[in-house]
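Student: Fold the following.
(2 chains)
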Amino acid sequence: MTMRKTLWDHVFTLIVTLIYIFLMAPILLVVLLSFSGGEFLALPMQGVSLRWFGALFTNSRFYDAAVYSFVLALISAAVNGVIGTLAAIYVVRFAPTRFANGLRVLMSAPLMVPEILTAIALLFFFFEIGIGNRWSIAIQVGHILVTFPYVFLNVASALFNFDRSQEEAARSLGADGWLTFRRITLPSIKPGVITGCLFAFVISFDIFNISLLLKSVGSNTLPLELFDYLRFNFDPTAAAVATVSIVIAFAAVLVVDRTVGLRSLRF
Amino acid sequence: MTTLRLDTINKFYGALHILRDIDLDIREGEFISLLGPSGCGKTTTLRCIAGFETVTKGRLLFGSRDMTHAMPEHRDLGMVFQSYALFPHMTVAENLSFGLEVRKVSPVDRTRRIAAVLEMVKLTGYEKRYPRELSGGQQQRVALARALVIEPSVLLLDEPLANLDASLRDDMRFFIRDLQQRVGITTIYVTHDQSEAMVMSDRIVVMNHGVIEQCGPPRDIYEHPASQMVAGFIGQSNTLAGRILGREKDVYVIDTPEGQLKSLGRDGLKGEVRVMIRPENIETAAAENTLSGRVVKSTYLGGGCLVAVETPGGCRFTTNMPADSALAAGDAVTLGFAARKAWAFAA
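Tutor: Below is the predicted model:
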């Protein structure tokens, strides 16, 4: 009995390890290759050096693209933090029962419609109304739209799990509706809002299709710049870019966790 | 003095008539229980008073002020919820402070009042704890303290003991009643537990299907129920259908399938009635009223025996016997009870 249990424990550990290797290996490989001393993105590595990071930071195209992506992602997260939260409050609290379910599915539609279709539709729309791909409006709207469901769904689930008698308690203690929302409801759904915004940021930083079709002339997001670069070059600069982009996404998660806390992501 | 008056309160959910003509006067300092099975409208009544449900028809008076349509925050009530509804992101002190801050009480007074109320619920020293760090009974007392610290005119409690285990529940009954009497606050208490209502209340309001079946002191409700529902819901009872033949002074003479019985009852009873006898009032000897039958079952309860007896007419009676009673299934037995211990009500 004990023997079989230990055996199963070993098998379980092995399976978990394999899953982690499967998930982490590509990331580790890319990070590893970015420190390569060789001329090509290939194994085995020929020596170790930081020269490709040097090449990256002297390459203004990558730098501009990284800043552009960062700003796009930040605005997407901020805007969705507001409208995603408001939408979730409406659907959970105020929508008539018979519409609530349909509305919830509709709000999550950007997740279900293929991203490329959303991009094409937006492209037609923005040219039709005369804005086209000027001033980065189209690409920003696209990013907000595609990342919207992450905030909406996270906040909606936080609201569903919230015990409304807390609000009634606050009211009976003399607080009006707005004060109750600010001091009681909002702090309780805050982890949902923050998790949603974080998802929105990371997804917006990484998406490709939307950016490819809607980008304005003369600006490039980091994933697009990387794709363009890889079409003609095959040196480890690409790996260095990927490493930097992983670090930024990771830093975002870490900073949010340390400053406001990610209770809903902890187990 | 009346602090709270419910004047023909009616409540509809669409076509569903949830509350029908609820009339109730609650005196200052009184402890009132709303008692009834689930779905009887007791919680809805409480929520109407608190302002969480709108009253479809009727008036709600606080003293002489009409509060029927006032917002919950303007009613000056303290409420304790079944789930406690403590604010999880606030410490005990912050939970208590919330209502005082809203009322613009100065920080010095806040500290003083929080300390005083925490002492009252025996939680001094717990100011910095979060609700999740407290046991169920402690959370319960914080909820009570939070409702009391604002010194409301009326305290509302919605099944506050339902989530506690049995022994703690018994302690809390006396704790809440004692606290209520010390503070002298008018209290409305919703429960489905008849023994809870019995122990704590000045008056019990028994509700069923959205109407008040009976309202009165616990002793009156227990000894003189107004209907079969009340008799059956509160304690154990034996009832027998019958028809009134006449009245000798204050004792009714009632014709039943088991022969003529004598029983007390409210004035003005006539026609079809039911006679109720509590098990503890039946003895195994002839008395003013005598029945004969056969023991069907005897159950040992520790402090005594519960003996079920069936009459030749097919009626079943349960009676309390001493623990050393030798009665066993099949034994023939004579049951007797005094006319003053029987109670008749309209069928």
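Student: Going by C-alpha atoms from here, please, whenever you check contacts or count neighbours.
Tutor: Noted.
Student: residue contacts, the residue lying closest to A:Lys215 once chain neighbours are set aside?
Tutor: Computed as CA to CA, 6 or more residues apart in numbering or on different chains, the closest residue to A:Lys215 that is not its neighbour in sequence is A:Ile139, at 5.3 Å. Contacts here follow CA atoms under 8 Å, 6 or more residues apart in numbering or on different chains; on that basis A:Ile139 touches A:133, A:210-211, A:214-216.
Student: which bits of chain A sit near chain B?
Tutor: Proximity of chain A to chain B, by CA under 8 Å from any CA of the partner chain, involves residues A:163, A:165-166, A:168-176, A:184, A:187-188.
Student: between the residues you listed, which has the most around it?
Tutor: Highest neighbour count within the residues of chain A next to chain B: A:Leu173, with 31 neighbours (other CA atoms under 10 Å in any protein chain shown).
Student: give me phi/psi at it?
Tutor: Phi and psi for A:Leu173, reported as degrees, to the nearest 10, are phi -80, psi 0.
Student: Would you agree it is in contact with B:Glu73?
Tutor: Yes - in this structure, A:Leu173 is within contact of B:Glu73 by CA atoms under 8 Å, at 6.4 Å.
Student: helices or strands next to whichever strand or helix holds A:Ile19 in the packing?
Tutor: Per DSSP states H and E, A:Ile19 falls inside helix A:2-34. Helix A:2-34 is packed against helix A:237-259, with contacts defined by 3 or more CA pairs under 8 Å, 6 or more residues apart in numbering or on different chains; DSSP states H and E.
Student: ranges for the helices of the stretch 51-200 of chain B?
Tutor: Secondary structure of the stretch 51-200 of chain B, counting by DSSP state H, counting those that start in this stretch: helices at B:92-102, B:107-120, B:136-149, B:166-183, B:194-200.
Student: For A:Lys173, which non-adjacent residue is spatially closest?
Tutor: If you look again at residue A:173, you'll see it is Leu, not Lys. B:Gly99 (4.8 Å).
Student: can you check B:Gly58 too?
Tutor: Closest residue to B:Gly58 in three dimensions, ignoring its sequence neighbours and counting by CA to CA, 6+ apart: B:Ile9, at 4.3 Å.
Student: Could you do B:Thr8 as well?
Tutor: Spatial nearest neighbour of B:Thr8, excluding adjacent residues (CA to CA, 6+ apart): B:Asp21 at 4.1 Å.
Student: Check for me that that neighbour belongs to a strand.
Tutor: Yes - under DSSP: H, G, I helix; E, B strand; the rest coil, B:Asp21 falls within a strand.
Student: I'd like the distance between it and chain A.
Tutor: Note on B:Asp21: its distance to chain A, by CA to the nearest CA, to the nearest Å, is 25 Å.
Student: show me the contacts for that residue.
Tutor: B:7-10, B:58, B:211.
Student: swap the cut-off to 6 Å and go again
Tutor: B:Asp21 is in contact with B:8-10, counting by CA atoms under 6 Å, 6 or more residues apart in numbering or on different chains.
Student: A:Val11: which of the residues of chain A next to chain B is nearest?
Tutor: Nearest to A:Val11 among these, counting by CA to CA, is A:Ser188 at 40.3 Å.
Student: nearest residue to B:Ala145 other than its sequence neighbours?
Tutor: Spatial nearest neighbour of B:Ala145, excluding adjacent residues (CA to CA, 6+ apart): B:Val117 at 5.9 Å.
Student: Near that neighbour, how many other residues are there?
Tutor: Around B:Val117 there are 22 other residues, counting by other CA under 10 Å.
Student: do A:Thr13 as well
Tutor: 12.
Student: Report the separation between it and B:Ile234.
Tutor: Counting by CA to CA, to the nearest Å, the gap from A:Thr13 to B:Ile234 is 59 Å.
Student: B:Arg316 too?
Tutor: Applying CA to CA, the value for B:Arg316 to B:Ile234 is 19 Å.
Student: What of A:Leu123?
Tutor: Applying CA to CA, the value for A:Leu123 to B:Ile234 is 73 Å.
Student: cool, and A:Leu32?
Tutor: Look at A:Leu32 and B:Ile234: by CA to CA, they are 77 Å apart.
Student: Which one's more surrounded, those two?
Tutor: Applying other CA under 10 Å to A:Leu32 and B:Ile234 shows that B:Ile234 carries more neighbours, namely 21 against 16.
Student: OK, contacts around that one?
Tutor: B:Ile234 is in contact with B:Gln194, counting by CA under 6 Å, 6+ apart.
Student: per-residue confidence for it?
Tutor: As predicted, B:Ile234 sits at a pLDDT of 86.
Student: what do you get for B:Ala342?
Tutor: Looking at B:Ala342, its pLDDT stands at 86.
Student: Might one say that it is in contact with B:Ser263?
Tutor: Yes - using CA atoms under 6 Å, B:Ala342 is in contact with B:Ser263, at 4.9 Å.
Student: Report the angle between whichever strand or helix holds A:Arg171 and helix B:136-149.
Tutor: In this structure, A:Arg171 sits in helix A:165-172 according to DSSP H and E. Taking axes from the mean of the first three to the mean of the last three CA atoms, to 10 degrees, one finds helix A:165-172 and helix B:136-149 inclined to each other by 20 degrees.
Student: send the alpha carbons of the following helix or strand past helix A:165-172 over as PDB?
Tutor: Scanning forward in sequence from helix A:165-172 by DSSP H and E, the next helix or strand is helix A:177-180. Taking Å, rounded to 0.1, in the frame of the first residue of the first chain, the C-alpha atoms of helix A:177-180 are listed here in PDB:
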ATOM      1  CA  GLY A 177     -25.500  54.300  -2.400                       C
ATOM      2  CA  TRP A 178     -22.400  56.000  -3.700                       C
ATOM      3  CA  LEU A 179     -20.400  55.900  -0.400                       C
ATOM      4  CA  THR A 180     -21.400  52.200  -0.100                       C
END
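Student: looking only at pLDDT, what's the mean for helix A:177-180?
Tutor: pLDDT averaged over helix A:177-180 gives 86.
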